[in-house]
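Chemist: Quick one, fold the following:
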Amino acid sequence: QDSLLAQFTDETAGNVHHWLWGFGDGATSNVQNPFHTYAQPGIYTVCLLAQDTILGCNQAVCRDLGIGVTGTAERPESLPLRIFPNPARQSAGRWMVQGIAPSDYTRLIHFVACGLRGERVAEGWLEGGKVMEIPLDRPIPTGMYFLELRSPFRVYTGSVVVQ
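Modeler: Numbering: from 1, shown residues only. Below you'll find the model as predicted:
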């Protein structure tokens, strides 16, 4: 079904050598500009990790994508997060997060942490603040993870490498 086929384009600045796309349905690709066919309509969180292996830089971005769905909704403002330590240890037990807007301090914030294949490793609610703690109730396998925080008016995203 053509409405379930999506083409993705890397627009990363710099000298990128490796790409890792996560399509939000468990599938991944290391092609720079891949095509992907989804099994069913829905909203998927698509993530790209772009690596410059010469300079040792990583850049990650995630976006929600409506596949085979109609209608429009106003998208909340999206802002980057700072997650530390980064890289993190498998047994860290928590990630610390900074970067939410002061107007979201004391608001209830929903968080979700996912791996590149879309597997959730942490999810819950916390009170917004200048520095927040994301609890990890079990060791996290090595790899790249994306963290999304949602307040009523904003979406915050960041990435962390677990070693």
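
Chemist: The most centrally placed residue in the chain: helix or strand, and which one exactly?
Modeler: In the chain, the residue lying closest to the centroid (Cα atoms, centre = their mean) is Phe146, at 3.3 Å. Phe146 is part of strand 143-150, with elements assigned from DSSP states H and E.

Chemist: quick one, whichever helix or strand comes after that strand and strand 143-150 angle?
Modeler: As assigned by DSSP H and E, the chain's next helix or strand after strand 143-150 is strand 154-162. Put simply, strand 154-162 runs at 160 degrees to strand 143-150, going by axes from the mean of the first three to the mean of the last three Cα atoms, to 10 degrees.

Chemist: Now do strand 154-162: everything it contacts.
Modeler: Strand 154-162 is contacted by residues 47, 49, 58, 60-62, 75-83, 86-90, 92, 95, 97, 99-101, 104, 140-150 when judged by Cβ atoms under 8 Å, 6 or more residues apart in numbering. Heads up, the C-betas are built off the backbone N, CA and C, glycines and all.

Chemist: pLDDT below threshold where in this structure?
Modeler: Within the chain, the segments meeting pLDDT under 70 span 1-2, 70-78, 92.

Chemist: so what's the residue nearest to the centre of the chain up against?
Modeler: So Phe146 contacts 22, 45, 47, 60, 62, 113-116, 157-159 (Cβ under 8 Å, 6+ apart).
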